[in-house]
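Engineer: Starting from these lines, generate the structure:
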Amino acid sequence: MTTASRFPDPYPSNGGANLADILERVLDKGVVIAGDIRINLLDIELLTVKLRLIVASVDKAREMGIDWWETDPALSSKARRSELARENAELRERLSQLEPDGQREPDAQLEPGRARKEAP
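Structural biologist: Residues are numbered from 1 along each chain as shown. As a prediction, this is how the structure comes out:
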């Protein structure tokens, strides 16, 4: 009479936390890891590296007041548009300071991508 051998389960099924549960808890609560590395030579500081890492969900980060991704033009199209609008307004202001009122062509007459015609 032989008995079937069975390998033990690599992941216990006794109600232990799986990776999804752990990740959900970490994102819900947030984790902060902070550290400093300093390199000194004869009491002269040569290098300082400050490390700060926050792992949290977007909602938790907003709750903590962290929302840098919303204002970074490289990450947000809304921020990119507002950055372009701000730059456009700044350039228009500089242009109005350089040109007398009567010499400026209306913007509607300018074709996109074409330079303004110089006066003879």
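
Engineer: all contacts plus neighbour counts: C-alpha atoms, from now on.
Structural biologist: OK.

Engineer: tell me what the helix or strand hosting residue 90 is packed against?
Structural biologist: Counting by DSSP states H and E, the element that carries residue 90 is helix 77-98. For helix 77-98, the elements it packs on are helix 68-71, judged by 3 or more C-alpha pairs under 8 Å, 6 or more residues apart in numbering; DSSP states H and E.

Engineer: before we move on, the earlier item: any residues touching the helix holding residue 90, and which ones?
Structural biologist: 70, 71, 72, 73, 74 (C-alpha atoms under 8 Å, 6 or more residues apart in numbering).

Engineer: pretty sure the first one contacts residue 76?
Structural biologist: Just to be clear, that refers to residue 70. Yes - assessed by C-alpha atoms under 8 Å, residue 70 is found in contact with residue 76 at 5.8 Å.

Engineer: ok, which stretches of the chain are strands?
Structural biologist: Using DSSP state E, the strands found in the chain span residues 31-41, 44-55.

Engineer: In stretch 54-65, which residues are buried?
Structural biologist: For stretch 54-65, the neighbour count (16 or more other C-alpha atoms under 10 Å) marks 55, 56, 57, 61 as buried.

Engineer: number of nearby residues for the spatially closest residue to the third one that is not a sequence neighbour?
Structural biologist: Computed as C-alpha to C-alpha, 6 or more residues apart in numbering, the closest residue to residue 57 that is not its neighbour in sequence is residue 27, at 4.7 Å. By the other C-alpha atoms under 10 Å criterion, the neighbourhood of residue 27 contains 17 residues.

Engineer: For residue 59, see how far away residue 27 is.
Structural biologist: Using C-alpha to C-alpha, to the nearest Å, we find residue 27 at a distance of 9 Å from residue 59.

Engineer: Using PDB, list the CA coordinates for the lowest-mean-pLDDT helix or strand in the chain.
Structural biologist: Across the helices and strands of the chain, mean pLDDT, DSSP states H and E gives its lowest value to helix 68-71, namely a mean of 78. In PDB, the C-alpha atoms belonging to helix 68-71 read as follows (Å, rounded to 0.1, in the frame of the first residue of the first chain):
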ATOM      1  CA  TRP A  68       3.900  68.000  -6.900                       C
ATOM      2  CA  TRP A  69       2.900  65.800  -9.900                       C
ATOM      3  CA  GLU A  70       0.000  68.100 -10.600                       C
ATOM      4  CA  THR A  71       2.200  71.100 -11.100                       C
END
